[in-house]
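**Student:** Show me how the following folds:
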Amino acid sequence: MSESLSPFTKQQLLPQEEKLEILKHKRQLYIGVPKETTYQENRICLTPDAVSALVSNGHRVLIESGAGKAARYSDRDYTEAGAEISNDTAKVFSCPMVLKVEPPSLEQIKLLNPQAILISALQLKTQSKKYFEALASKRVTALAFEFIKDEDGTYPAVRSLSEIAGTASILIASELLSKGKDSSGLMLGNISGVPPIEVVILGAGTVGEYAAKSALGLGAGIKVFDNSITKLRRIQTNLGRPLFTSTMQPKNLLKALKRCDVVIGAVRGINRAPIVVSESMVEHMKKGAVIIDVSIDMGGCFETSEVTSHKNPTFVKHGVIHYCVPNIPARYSRTASVSLSNIFTPYLMKIAEDGGIENSLRFDKGLKNGLYFYHGILTNRSVGEWFDLKHSDINLLIF
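**Tutor:** Model prediction:
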């Protein structure tokens, strides 16, 4: 009988390979958002709209009461979006995933559950060895959002906050030029028959680019200084117009500083921002001129800079008004919160869709770049070398 069967039928009767469909099992997230306690930190990681999107996708969000108040979001806004509200700080920190703007304090780390997932800023230069030892003891998986990379290799959180800082620097300068007994009484605007304000921008990165864009929009004349020809070329391309650009040659810089009304310092360094404007240069500036040192969080790029706060943001030295607040985006808490929320929400959705943080780290190199602890094992080489801590390559831990 078998001889009468066709070859095709015989093939069908043979044992076949079993084909299994590999599915990523979606995972429900339980996210805790504690209230920020760091001095003058007014931002929150998730807006009510972001919470609504997460809850509608089956996730739970627990927010500490009053966490959104400084960003002008009430507890009611969050409850209407589907969040749970709690007055118990320990309960919020005990969630499987904790989302923060500032890194947690040593006391807050004690409240974390073992094997928790922590997503926050790291702010490496402000940390101590004890901080990393405390995280290791909790066996947490921790990601620093300032190190997370996008598909195009940029750092979305850093860029977003830099855009705010750059735009804000011009708005703040405009206010300081016209207000106060030490001000020059000038308006940062293009008024017919009135010479335009002169703005010098030190650094042609994202902060410098957005400061330049805002200053040009208000009709100011700008001069951009940077030692990278590539960055100077890029800023001209991005702004779509020819600008005065120069490397930081002392003679050209001093000449520009003598004539300008506003200087924006946005120069970064590896460990510390380089001082590019000496005290003697500041002495040659106009009385009532304004210095905005955006680089103050890395030590400042003006020799005369001293850290100030949002409460007392300015001081006058050699007749020049200095604004040296480290956390400029926190001044615009709602804008900054929306900006951060727009970055966090897609990542959270993706982690859930991938079935958990392990799968996301396995396939997303950009997200993996932000990882510095994996189940209590330090995976960031820079941190390990900086604090003399044992570290492992994440690629040997995640297959």
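
**Student:** Kindly report the domain assignment for the protein.
**Tutor:** 30-154+333-397, 161-331 (automatic domain parsing).

**Student:** Can you list phi and psi of Thr345 for me?
**Tutor:** Here the main-chain torsion angles of Thr345 (degrees, to the nearest 10) amount to phi -60, psi -50.

**Student:** for it, what are its contacts?
**Tutor:** Leu46, Ala50, Ala53, Leu54 (Cβ atoms under 8 Å, 6 or more residues apart in numbering). Where you see a C-beta, it was placed from the backbone N, CA and C, and this is true even at glycine.

**Student:** quick one: the strands in the stretch 251-399 of the chain?
**Tutor:** Along the stretch 251-399 of the chain, counting by DSSP state E, counting those that start in this stretch, strands occupy 262-265, 290-293, 314-317, 320-323, 371-374, 377-378.

**Student:** go on, the stretch 51-200 of the chain?
**Tutor:** Assigned strands in the stretch 51-200 of the chain, in chain order: 60-64, 84-86, 97-99, 117-120, 141-144, 198-202 (criterion: DSSP E, counting those that start in this stretch).

**Student:** Can you name every helix or strand that the fourth one contacts?
**Tutor:** Spelled out, that is strand 117-120. Secondary-structure packing of strand 117-120 (3 or more Cβ pairs under 8 Å, 6 or more residues apart in numbering; DSSP states H and E): strand 97-99, strand 141-144.

**Student:** Let me have those in CSV, extended by mean neighbour count, mean pLDDT and distance to Val277.
**Tutor:** Output for these, formatted as CSV (neighbours: other Cβ atoms under 10 Å; pLDDT from 0 to 100; distance: least, Cβ to Cβ, whole Å):
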stretch, mean neighbour count, mean pLDDT, distance to Val277
strand 97-99, 23, 97, 38
strand 141-144, 24, 95, 31
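
**Student:** export the ones you listed to a markdown table and tack on distance to Arg268?
**Tutor:** Below are these laid out as a markdown table (distance: least, Cβ to Cβ, whole Å):
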| stretch | distance to Arg268 |
| --- | --- |
| strand 97-99 | 26 |
| strand 141-144 | 17 |
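
**Student:** Just give me the neighbour total for the closest residue to Leu112 other than its chain neighbours.
**Tutor:** What sits nearest to Leu112 in space, not counting adjacent residues and going by Cβ to Cβ, 6 or more residues apart in numbering, is Lys138, at 5.1 Å. Neighbours of Lys138 under the rule other Cβ atoms under 10 Å: 18.

**Student:** Spit out the contact partners of Lys138.
**Tutor:** Going by Cβ under 8 Å, 6+ apart, Lys138 touches Ile109, Leu112, Asn113, Pro114, Ala116, Gly376.

**Student:** Can I have the buried ones of those as a ChimeraX selection?
**Tutor:** Selecting only the buried entries of these in ChimeraX, with 16 or more other Cβ atoms under 10 Å as the criterion:
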select :109,112,116
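
**Student:** Mind checking which of the contacts of Lys138 are in helices?
**Tutor:** Ile109 (DSSP state H).

**Student:** coming back round to it: now the strands of the stretch 251-399 of the chain in JSON lines, with distance to Ala273?
**Tutor:** What follows is those, written out as JSON lines (distance: least, Cβ to Cβ, whole Å):
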{"stretch": "strand 262-265", "distance to Ala273": "8"}
{"stretch": "strand 290-293", "distance to Ala273": "9"}
{"stretch": "strand 314-317", "distance to Ala273": "18"}
{"stretch": "strand 320-323", "distance to Ala273": "15"}
{"stretch": "strand 371-374", "distance to Ala273": "23"}
{"stretch": "strand 377-378", "distance to Ala273": "27"}
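
**Student:** Good, we can wrap up now.
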